[in-house]
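# generate coordinates for the sequence data below:
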Amino acid sequence: MVAIIPAAATIVIPIRDSVSGMFLKKKITTSTKDCSDKSGKLAEVLQDADAVMIGAGAGLSTSAGFTYSGKRFEEYFSDFSEKYGFTDMYSGGFYPFESLEEYWAYWSRYIFINRYMDCENGTYKKLLELVKDKDYFVLTTNVDHQFQKTGFDRHRLFYTQGDYGLFQCSEPCHQSTYDNEEIIREMVARQKNMKIPIELIPYCPLCKKPMTMNLRADDTFVQDEGWYRAKERYEEFLARHKGLKIVFLELGVGMNTPGIIKYPFWQMAYSNPSAYYVSINYGEAFAPTEISRRSLCIQGDIKEVLEAV
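Below is the predicted model of the structure:
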């Protein structure tokens, strides 16, 4: 069951408070209607738009089947769980493995199933169908590369937080990234007893320190030339559609990093009277009262909602 929250019933958070990080806790009213009752409105909003600015968070990939716990975790990491005691992939990423052979056995398997193995259930494909004939752009905090794998134009994508498919120097001694598919596949194929062969451990080609994933965790994250080019294309897209009918389509974005997608989308929708804000998420679909008349907030599974459009 997917519940729709009409604009008038959204959580009320004044924009000025959201920007400062000082949230006002308000009562939320939800609808018990199926998403099909409101799918026509979403289709209408998208059809009428000059452009669609997609903001995608972890909830989108979760809906697409990329879960990090439960059955999927047990299927691929039961041996690690039994030996080390962690119960989901995310926790395993912080485990203090005693050797780089163990560390890369875990991470190569982690990267392989979330970046290179096909398991998408059609959610991304449906999203592409809805926007492929529009002028669109994607801003995402997801690092699983599913947009490009599905067929979205890579020049219309900005992965702000990195990519499982890239390595960087752990220092880092230089601002470059390296494709890792070949070595990751070899690590997965040759690991035994939760260890990779020592000769497969990746080291920086310049300073010879260990390599790591290109994932934003602290100030060692490498923003390479490709990252900055994508940022420029994102900014150019927004400038080109300033004042036009643009839909800010927010999918699966929670409150972990609201300053990347959610807050900017609210502000841009507020500043442009022709803009429309759409949020689809489980339990966290809401909009500020200042843009409530130009908002559609849908509580529910993204896959189900998109399929109903």
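# what sits closest to Phe112 if chain neighbours are left out?
The shortest distance from Phe112 to any non-neighbouring residue, by C-beta to C-beta, 6 or more residues apart in numbering, is to Val188 (4.9 Å). All C-beta atoms are positioned from the backbone trio N, CA, C, and that covers glycine.
# name the spans of the stretch 1-150 of the chain whose pLDDT lies under the cut-off.
1-37 (pLDDT under 70).
# helices of that one, start to end?
15-20, 39-48, 58-63, 70-84, 89-92, 100-111, 123-131, 146-150 (DSSP state H, counting those that start in this stretch).
# ok so, going back, so the residue nearest to Phe112 sits right up against Trp107, yeah?
No - in this structure, Val188 is not within contact of Trp107 by C-beta atoms under 8 Å, at 10.3 Å.
# the residue nearest to Phe112 sits in which helix or strand?
helix 181-190 (DSSP states H and E).
# so for that helix, what's the average pLDDT?
On average, the pLDDT along helix 181-190 is 98.
# in the helix or strand just after that helix, what's buried?
Counting by DSSP H and E, the next helix or strand C-terminal to helix 181-190 is strand 211-215. In terms of neighbour count (16 or more other C-beta atoms under 10 Å), strand 211-215 has its buried residues at Met211, Thr212, Met213, Asn214.
# same check, this time on stretch 68-84
So for stretch 68-84, counting by 16+ other C-beta under 10 Å, buried means Tyr68, Arg72, Phe73, Tyr76, Phe77, Phe80, Ser81, Tyr84.
# of all these, which two lie farthest apart?
Taking C-beta to C-beta as the measure, the buried residues of stretch 68-84 span a maximum distance of 17.6 Å, between Arg72 and Tyr84.
# so where's the longest strand in the chain?
Longest strand in the chain, counting residues (DSSP state E): strand 162-169.
# partner strands of that strand, parallel or antiparallel?
Sheet pairing here is set by DSSP bridges, and for strand 162-169 it gives strand 178-179 (antiparallel), strand 211-215 (antiparallel).
# what about Ala269, helix or strand, and which?
Going by DSSP H and E, Ala269 is in helix 262-271.
# would JSON lines of the buried residues of stretch 68-84 with distance to Ala230 be doable?
Output for the buried residues of stretch 68-84, formatted as JSON lines (distance: C-beta to C-beta, whole Å):
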{"residue": "Tyr68", "distance to Ala230": "25"}
{"residue": "Arg72", "distance to Ala230": "29"}
{"residue": "Phe73", "distance to Ala230": "31"}
{"residue": "Tyr76", "distance to Ala230": "30"}
{"residue": "Phe77", "distance to Ala230": "31"}
{"residue": "Phe80", "distance to Ala230": "33"}
{"residue": "Ser81", "distance to Ala230": "36"}
{"residue": "Tyr84", "distance to Ala230": "36"}
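# just give me the closest of those to Met255.
The nearest member of those to Met255, counting by C-beta to C-beta, is Tyr68 at 18.3 Å.
# list the buried residues of the helix holding Val188.
Ile183, Ile184, Met187, Val188.
# buried sites along whichever strand or helix holds Lys231?
Taking DSSP H and E as the criterion, Lys231 maps to helix 225-240. Using 16+ other C-beta under 10 Å as the test for burial, helix 225-240 gives Trp227, Ala230, Tyr234, Phe237, Leu238.
# can you check stretch 240-253 too?
By 16+ other C-beta under 10 Å, the buried positions in stretch 240-253 come out as His241, Ile246, Val247, Phe248, Leu249, Glu250, Leu251, Gly252, Val253.
# for those residues, which one is nearest Ile111?
Nearest member of those to Ile111, counting by C-beta to C-beta, is Gly252, at 21.0 Å.
# in this structure the closest one contacts Ser61, no?
Yes - with contacts counted by C-beta under 8 Å, Gly252 reaches Ser61, the gap being 7.4 Å.
# residues near the closest residue to Tyr84 other than its chain neighbours, how many?
Computed as C-beta to C-beta, 6+ apart, the closest residue to Tyr84 that is not its neighbour in sequence is Tyr95, at 5.6 Å. Counted with other C-beta atoms under 10 Å, the neighbours of Tyr95 add up to 14.
# so what's Tyr95 up against?
Tyr84, Phe86, Tyr106 (C-beta atoms under 8 Å, 6 or more residues apart in numbering).
# can you tell me the closest non-neighbouring residue to the second one?
Take Phe86 and drop its neighbours on the chain: the residue closest to it by C-beta to C-beta, 6+ apart is Gly92, 4.7 Å away.
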